[in-house]
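1. Kindly generate the corresponding structure for this input.
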Amino acid sequence: MPKAVRVLFVTPRFSDGGGERIWLNLLQNLDRSRFKPSLAFFEHIQSHFLGEIPGDVPVHDLAKRRRFVLDWLRISIGLAKVIRRESPDVVVSLLHTWGIVLHLARVISRRRFAIVINEHIHVSGSLRSLREKKPLASLPSRWVHRYCYRHADLIIPVAHDVARDLASNYGAKPDRIRVIYNGIDLDGIRRMASETVDHPWFDGGPPASPPIIIGIGRLSDQKGFAFLIRAFRDLVRRRPAKLVIIGEGDKRQDLEALIRSLGLDRDVALLGRQANPYKYLARSSVFVLSSVGEALPTVLLEAMALGVPIVSTRCPCGPEELLENGKYGVLVPVADETALADGILKVLEGSALRRGFAETGRARAETFRLRPMVEAYEQCIEALACP
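-> Down below sits the predicted model:
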């Protein structure tokens, strides 16, 4: 019987994001007769997903204590120790700007293994945002990305637009790129969606009365929730509605202050992290993705799977690719609060449009089932371990 491929998944943080959800699905579903997975992360942020990691997966928390610029050497040494302990044939990396750590850890560990970069962000958009916030920190980032992509054995972006960005701007070799779309556990999502919700705004719908608009994601600038809240202010001037945002992050206080300043305390609820966001999503009238940047937002697939109509920004990249330029949901410009409010109103007041998006969305989600995604990763990992 062939020896199982040892594969180590490495990520800077393990929280409740879409990328982590995909990795959790991989850890749970890789064929154990062919693969022996393990996981290492530099820090975790109160993730519900940690409790869902299978018991046979070794988990290594490298416990980042300080800013990366002050802690990178300790983390690199810690990762090298993990590599020596796990002896991986393949390392799958979700490292972004920290990618250089993996290459340093390989040198320190004196072990040979194939490197796969699994890219869940639109890199140019992410670095543009980094330059605006931290100009000095962003200076080496472009070089780090180019180095990591050029020295990877395989790059797996989650969308074709991400692949084009990597090849055009960061020197990624096209023959080492394979796009694998995110897959979702449709049956599991629908099962969790049927659980009861203990919140006064949800009355067993949809449709709830007044209708509920929902956003899901990390409370960060990237997710654009400030735009969504201001768009919602414009919306409720025209009709009653409620807004629910699920997620946690460093912008919570700013968003709470914005809600108070706009007098929306009774109409907007920040519900924080939820172990089961699907029961809220399924009972909402419209899902809104207000992001300024994405790659392939899994939450759009989850909304379609539950038949919830979508309004999304045309952010780079992913929404246009998933929604096929408006076939499966309303697309609006990034950071345009008026257009976002108009798009939500269009869906709320168009019953035929809502029904159409619900039906076509469910059918679209069927093409993103979990098993084909897992099999595609298995094929890539196996090929690298057995040249």
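2. And Val123, how far from Gly17?
-> From Val123 over to Gly17 the distance is 16 Å, taken as Cβ to Cβ, to the nearest Å. Using the backbone N, CA and C atoms, a C-beta is placed for each residue, glycine as well.
3. no no, Gly51
-> Distance of Gly51 to Gly17, computed by Cβ to Cβ: 16 Å.
4. after the worst-scoring helix or strand of the chain on mean pLDDT comes which helix or strand?
-> Least confident helix or strand, the chain: helix 135-138 with a mean of 66, by mean pLDDT, DSSP states H and E. Elements were assigned by DSSP states H and E; along the chain past helix 135-138, the next helix or strand is helix 141-150.
5. I'd like the distance from the following helix or strand past that following helix to the chain centre, please.
-> With elements assigned by DSSP H and E, the helix or strand that comes after helix 141-150 is strand 154-157. Centroid displacement of strand 154-157 relative to its chain, using Cα atoms, centre = their mean, to the nearest Å, is 16 Å.
6. I would like the residues contacting the next helix or strand after strand 154-157, please.
-> Counting by DSSP H and E, the next helix or strand C-terminal to strand 154-157 is helix 160-169. With Cβ atoms under 8 Å, 6 or more residues apart in numbering as the test, helix 160-169 has contacts from 119, 121-124, 149, 155, 157, 172-174, 177, 179, 295-296, 316-318, 320-321.
7. where exactly do the helices run in the stretch 1-150 of the chain?
-> Counting by DSSP state H, counting those that start in this stretch, the stretch 1-150 of the chain has helices at residues 18-29, 68-86, 99-109, 123-133, 135-138, 141-150.
8. what would those look like in JSON lines with distance to Ala163?
-> Putting the helices of the stretch 1-150 of the chain into JSON lines (distance: least, Cβ to Cβ, whole Å) gives the following:
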{"stretch": "helix 18-29", "distance to Ala163": "16"}
{"stretch": "helix 68-86", "distance to Ala163": "27"}
{"stretch": "helix 99-109", "distance to Ala163": "17"}
{"stretch": "helix 123-133", "distance to Ala163": "11"}
{"stretch": "helix 135-138", "distance to Ala163": "23"}
{"stretch": "helix 141-150", "distance to Ala163": "11"}
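9. Make a markdown table from those and add distance to Asp56 and mean neighbour count to it.
-> Shown next, in a markdown table, are the helices of the stretch 1-150 of the chain (distance: least, Cβ to Cβ, whole Å; neighbours: other Cβ atoms under 10 Å):
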| stretch | distance to Asp56 | mean neighbour count |
| --- | --- | --- |
| helix 18-29 | 9 | 21 |
| helix 68-86 | 13 | 17 |
| helix 99-109 | 23 | 19 |
| helix 123-133 | 33 | 17 |
| helix 135-138 | 38 | 12 |
| helix 141-150 | 30 | 18 |
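10. now stretch 379-387, how far from the centre of its chain.
-> What separates the centre of stretch 379-387 from the centre of its chain is 25 Å, taken as Cα atoms, centre = their mean.
11. rewinding a little: mind listing which of the contacts of helix 160-169 are in strands?
-> Members of those lying in strands (criterion: DSSP state E): 119, 155, 157.
12. which of Gly51 and Gly17 has more neighbours?
-> Per other Cβ atoms under 10 Å, whichever of Gly51 and Gly17 has more neighbours is Gly17, with 21 against 7.
13. who's in contact with that one?
-> Gly17 touches 217-218, counting by Cβ under 8 Å, 6+ apart.
14. What's the per-residue pLDDT of it here?
-> We note a pLDDT of 75 for Gly17 in this prediction.
15. How about Arg66?
-> 66.
16. One more: Ile45?
-> 69.
17. Any idea how many residues pack against Glu43?
-> By other Cβ under 10 Å, the residues close to Glu43 number 16.
18. nearest residue to it other than its sequence neighbours?
-> Distances taken as Cβ to Cβ, 6 or more residues apart in numbering place Lys64 nearest to Glu43, at 4.2 Å, with adjacent residues excluded.
19. Who are the contact partners of the one you found?
-> Contacts of Lys64 (Cβ under 8 Å, 6+ apart): 12, 42-43, 71, 75.
20. about what we covered before: could the ones in strands among the contacts of helix 160-169 be laid out in TSV, adding pLDDT, distance to Pro140 and neighbour count?
-> Listed next are the ones in strands among the contacts of helix 160-169 as TSV, based on pLDDT from 0 to 100; distance: Cβ to Cβ, whole Å; neighbours: other Cβ atoms under 10 Å:
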residue	pLDDT	distance to Pro140	neighbour count
Glu119	90	19	29
Ile155	95	20	26
Pro157	94	22	28
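21. which among those residues gets closest to Ala358?
-> Ala358 lies nearest to Pro157 out of those, by Cβ to Cβ, at 29.4 Å.
22. so which helix or strand takes in the residue nearest to Phe232 when sequence neighbours are not counted?
-> Nearest residue to Phe232, sequence neighbours excluded (Cβ to Cβ, 6+ apart): Leu243, at 4.6 Å. Assigned by DSSP H and E, Leu243 belongs to strand 242-246.
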